[in-house]
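*Asks:* need a structure here:
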Amino acid sequence: MRPVFFSDLDDTVFQTARKMDAPPPPERLAAEALNGSHSYMTAGQDMMIKWLLASTRFIPVTARSSEALARCKLPFADYQICTNGGVILTPEGMPDADWHARMKHEADAVASGLENLMSFMARQTPAGRFRYWIVEDFGVGFYFCVKSNEDARRLDDIDAELCEVARAALVRHRNDNNLSFTPAGISKRGAVQYLAEKLGLDGSSVPVFGMGDSLTDLPFMAACDMLVIPKKSQIAQTKLYPEDG
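*Replies:* Numbering: from 1, shown residues only. As a prediction, this is how the structure comes out:
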């Protein structure tokens, strides 16, 4: 009965080379990107992931689609939660059928909202300043994502207006150069809770850990027994508590 470790990936287990203090060696390549902005592990992250994969049931919980997750070089062998919780892959690499049906229903119900965000970006923003798309997986559009091709602060120019277009049916998330809107019924937390129940973890003596860097990871982490937070993460840099005294 090994401990279960639900973990975010990007900026938690690895990060792009531009975010590292020194050029990473090629042997610590963690994930390939289609645009050449590959992700790497530090020496400490490399040691950590080897330890976790050997001693726990390590289950990724990521915004990456199944296709982007497949470009990770790490030997994941258990369940995998991807596409912001929209898809749960079995150890055989196939989508969990029951969860997929439920999430497809949630996504289809607000598909027009995702298309509205695409239309807004096409009409209102200068060509070449941003890249944006609907993240699709297994034929379903699960969430909308936009990144700046310049400085991440350029997202300030469109953030409020996109929130107006999205309204309450879509949940906003922003971290560094990533702004996304996900249907309210789709979440990492929901996927973790579903899988924990399926694996019989609720009420068991098996310790369940949740690790992530982003404020949007906190809900799924809070569904676990213990939380693990990287030192230089968005969570760690957010002032959640008043100063002592």
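
*Asks:* What is the neighbour count of Pro230?
*Replies:* If you count neighbours by other CB atoms under 10 Å, Pro230 ends up with 18. All C-beta spots, glycine's among them, are computed from the backbone N, C-alpha and C.

*Asks:* Run through the residues that contact it.
*Replies:* 11-12, 211, 213, 236 (CB atoms under 8 Å, 6 or more residues apart in numbering).

*Asks:* Please identify which helix or strand holds Phe58.
*Replies:* Per DSSP states H and E, Phe58 falls inside strand 57-60.

*Asks:* State the distance from Ile88 to Leu199.
*Replies:* 11 Å (CB to CB, to the nearest Å).

*Asks:* what is in contact with those two at once?
*Replies:* Residues touching both Ile88 and Leu199 (CB under 8 Å, 6+ apart) are Tyr79.

*Asks:* Buried among the contacts of Pro230? Make that a PyMOL selection.
*Replies:* To isolate the buried subset of the contacts of Pro230 in PyMOL, counting by 16 or more other CB atoms under 10 Å, use the following:
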select buried, resi 11+12+211+213
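
*Asks:* Between which two of the contacts of Pro230 is the distance greatest?
*Replies:* Farthest pair in these (CB to CB) is Met211 and Ala236. Separation: 12.3 Å.

*Asks:* Now list whatever residues contact both of the two.
*Replies:* Residues within reach of Met211 and of Ala236 at once, by CB under 8 Å, 6+ apart, are 229-230.

*Asks:* Give me the contacts around the helix or strand encompassing Phe6.
*Replies:* Per DSSP H and E: Phe6 is located in strand 4-7. Residues from elsewhere that reach strand 4-7 (CB under 8 Å, 6+ apart): 13, 52, 56-61, 81, 192, 196, 199, 201, 206-212, 220-221, 224, 228.

*Asks:* now stretch 202-213
*Replies:* Stretch 202-213 is contacted by residues 1-8, 10-12, 56, 61, 175, 192, 196, 201, 217-218, 220-230, 233-235 when judged by CB under 8 Å, 6+ apart.

*Asks:* Drop anything exposed from these.
*Replies:* Listed as buried from the contacts of stretch 202-213 are 4-8, 10-12, 56, 61, 175, 192, 196, 201, 217-218, 220-221, 223-224, 228-230, 233-235; burial here means 16+ other CB under 10 Å.

*Asks:* Below-threshold pLDDT in the chain: ranges please.
*Replies:* Across the chain, the ranges flagged by pLDDT under 70 are 239-245.

*Asks:* can you pull out the strands in it?
*Replies:* 4-7, 15-16, 29-31, 39-40, 57-60, 80-82, 87-89, 130-137, 140-148, 170-175, 178-183, 208-211, 226-228 (DSSP state E).

*Asks:* list the helices and strands the last one packs on?
*Replies:* Contact analysis of strand 226-228 by 3 or more CB pairs under 8 Å, 6 or more residues apart in numbering; DSSP states H and E lists strand 208-211, helix 218-222 as its packing neighbours.

*Asks:* In JSON lines, list those along with distance to Pro126.
*Replies:* Listed next are those as JSON lines, based on distance: least, CB to CB, whole Å:
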{"stretch": "strand 208-211", "distance to Pro126": "38"}
{"stretch": "helix 218-222", "distance to Pro126": "34"}
